[in-house]
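>>> pasting a predicted model and its sequence here:
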Amino acid sequence: MGAQNGGGPAETLSPALPTWVEEAAEALLSACCDAELKIATAESCTGGLLASLLTDVEGASHAFERGFVVYSEEAKCELLGVARERIDACGAVSRDVAVAMAEGSLAQSHADIALAVTGYAGSAPPGEEPGLVHFACARRGGGTVHREEHFGDIGRGPVRIKTIAVALEMMDDAVRDQ
């Protein structure tokens, strides 16, 4: 599945991503293909970076069903069915909203597994924590797993790369937990 010209499996993003992240994406998609599973993503703080990575792996496109980039609160509500009341009560960067995003992704797609991320990749609003990211991974017919990471104030790029790594790990766990 490697790319042409030595660019690695995720040719488009290769200059920015560590090789092990690319390899994890390739392994995830291979496992999905083997298990005949489709995945979807719902991304806020990563702005579609995860979907881009997964679509860069040549030969496994049938495993990636779709991606939702839901950066605004309105997008979370309109595209994924997240209740405005939930966002108002918990905040867009919260366990409840991440879970609602993952479950909404399943409801709005034909995917078997959906991964959602919402967090602060860069600076955070007053009173909030830079580098806080909430993850949720939902499996059709199964449960939804939440994970909270505190990456710290390390910058947008590093937080996004660490977020992608955790997301890939969570989806891989969901694929293997048949």
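It's in.
>>> what about the spatially closest residue to Ala111 that is not a sequence neighbour, which SS state?
Leaving aside its chain neighbours, Ala111 sits nearest to Ala40 (3.6 Å; criterion: Cβ to Cβ, 6 or more residues apart in numbering). For glycine as for every other residue, the C-beta is placed from the backbone atoms N, C-alpha and C. What DSSP: H, G, I helix; E, B strand; the rest coil gives for Ala40 is strand.
>>> what's the burial count for Ala40?
25 (other Cβ atoms under 10 Å).
>>> what's the spacing between it and Glu65?
As judged by Cβ to Cβ, to the nearest Å, Ala40 and Glu65 stand 5 Å apart.
>>> now do the shared contacts for the two.
Counting by Cβ atoms under 8 Å, 6 or more residues apart in numbering, the shared contacts of Ala40 and Glu65 are 109, 111.
>>> still on that earlier bit, and the residue nearest to Ala111, bridged to which residues?
Here Ala40 sits in beta bridges with Arg66, Ala114, going by DSSP bridges.
>>> quick one: it from His146, how far?
Distance from Ala40 to His146, by Cβ to Cβ: 17 Å.
>>> ok, now Thr118?
As judged by Cβ to Cβ, Thr118 and His146 stand 11 Å apart.
>>> more neighbours: which of these two?
Shown here are Thr118 and His146; by other Cβ under 10 Å, Thr118 has more neighbours (29 against 17).
>>> thanks again, I'm all set now.
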